[in-house]
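Student: generate a structure from the sequence data that follows.
(chains A, B, C and D)
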Number of protein chains: 2
Amino acid sequence: MSKQLPVVDQSLCCAPVTRAPLTEQQSVELARVFKAIADPVRLRLLSLIASHAGGEACVYDLTGAFELTGPTISHHLKVLREAGVIDGERRGTWVYYRVLPDTLRTLSAVLVTPEVVAVG
Amino acid sequence: MSKQLPVVDQSLCCAPVTRAPLTEQQSVELARVFKAIADPVRLRLLSLIASHAGGEACVYDLTGAFELTGPTISHHLKVLREAGVIDGERRGTWVYYRVLPDTLRTLSAVLVTPEVVAVG
DNA sequence: CCTCTATCTAGACATCTGTCAAGATAGAGG
DNA sequence: CCTCTATCTTGACAGATGTCTAGATAGAGG
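Tutor: A predicted model of the protein is given here:
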């Protein structure tokens, strides 16, 4: 299930977009991950997985929370997985997903905004 | 230039996606804003504006930083503006853009992830 | 080996998105 | 009023995206 290594440049952890211009490469990399979470279904999937008991949830539970077909949920989980936002593990019949906290933390840090954006 | 009121539910400031499932409405609202920043050009625009002297930048400066036409940059600025991420103000011939820090702060807070995602 | 359930893949299709060229609008300064 | 520059709007088009149906794969349990 772990088809991807960490995707986000962790050095961004202390370099919010408000402090210095992103390089073109950084912006492409970040956009890839933000695109993954920039969807209502995927944001809800993320919150369902992260807040589920044990920090993980199986596809069956997740599918039940939407009025969408299995393949569609599967597609969204794949997008999140390939972006390094979640990871899945098969245990028996079920596949369990959990969030990869480092990725979310990096995204959060990138958007941190100081009280006063700039003072000349 | 201020065609939109604040778009993001500020009550999300203390409710990261890792703590509780998002409602469908919250996820739609958040996805709208994340979609706005989930593009390499717009992320760079955002960082250029936010880190520019005085916290603002005019379109002319921004356009020069890309190999894209004026209308394309204008389009991206409009997307960011309508999502409540930036705001623009005309002063004479030029239009100056600045970030709306509350929006970025909300997005950042939503993605905050505790050290241990859950302990059973 | 067969079947049942859970999950994923493949392919199709409508919609959304990023980009550009052409033209419109808005001040500045004659 | 005219022109020049900065910015935005419109319309067109290729490519990406979300969803579905149909079919494939993987364990569990006879």
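Student: once you drop chain neighbours, what's closest to residue A:68?
Tutor: Distances taken as Cβ to Cβ, 6 or more residues apart in numbering or on different chains place residue A:41 nearest to residue A:68, at 6.9 Å, with adjacent residues excluded. Where C-beta positions appear, they are placed from N, C-alpha and C, glycine not excepted.
Student: so residue A:24 makes contact with residue B:47?
Tutor: No. If you go by Cβ atoms under 8 Å, residue A:24 and residue B:47 don't touch, sitting 11.0 Å apart.
Student: who has more neighbours out of these two?
Tutor: Under the criterion of other Cβ atoms under 10 Å in any protein chain shown, the comparison of residue A:24 against residue B:47 puts residue B:47 first, with 24 against 15.
Student: doesn't the more buried one belong to a strand?
Tutor: No. Counting by DSSP: H, G, I helix; E, B strand; the rest coil, residue B:47 is not found in a strand; it is helix.
Student: that one against residue A:18, yeah?
Tutor: Yes. Residue B:47 is in contact with residue A:18 according to Cβ under 8 Å; the separation is 7.3 Å.
Student: chain center to stretch A:82-94: distance?
Tutor: Computed by Cα atoms, centre = their mean, to the nearest Å, the chain-centroid distance of stretch A:82-94 equals 13 Å.
Student: now that stretch - C-alpha only, CSV.
Tutor: Taking C-alpha atoms only, stretch A:82-94 is exported to CSV below (Å, rounded to 0.1, in the frame of the first residue of the first chain):
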residue,chain,number,x,y,z
GLU,A,82,-0.5,8.9,-3.7
ALA,A,83,-0.1,12.4,-2.2
GLY,A,84,1.3,11.0,1.0
VAL,A,85,-1.6,12.2,3.1
ILE,A,86,-2.8,8.8,4.2
ASP,A,87,-1.5,5.3,4.1
GLY,A,88,-3.4,2.0,3.9
GLU,A,89,-2.7,-1.5,5.2
ARG,A,90,-4.6,-4.7,4.5
ARG,A,91,-5.4,-6.9,7.5
GLY,A,92,-7.4,-9.9,6.4
THR,A,93,-10.4,-8.9,4.4
TRP,A,94,-10.3,-5.2,5.3
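Student: right, is that stretch up against chain B?
Tutor: No. Using Cβ under 8 Å from any Cβ of the partner chain, stretch A:82-94 stays clear of chain B, coming no nearer than 10.1 Å.
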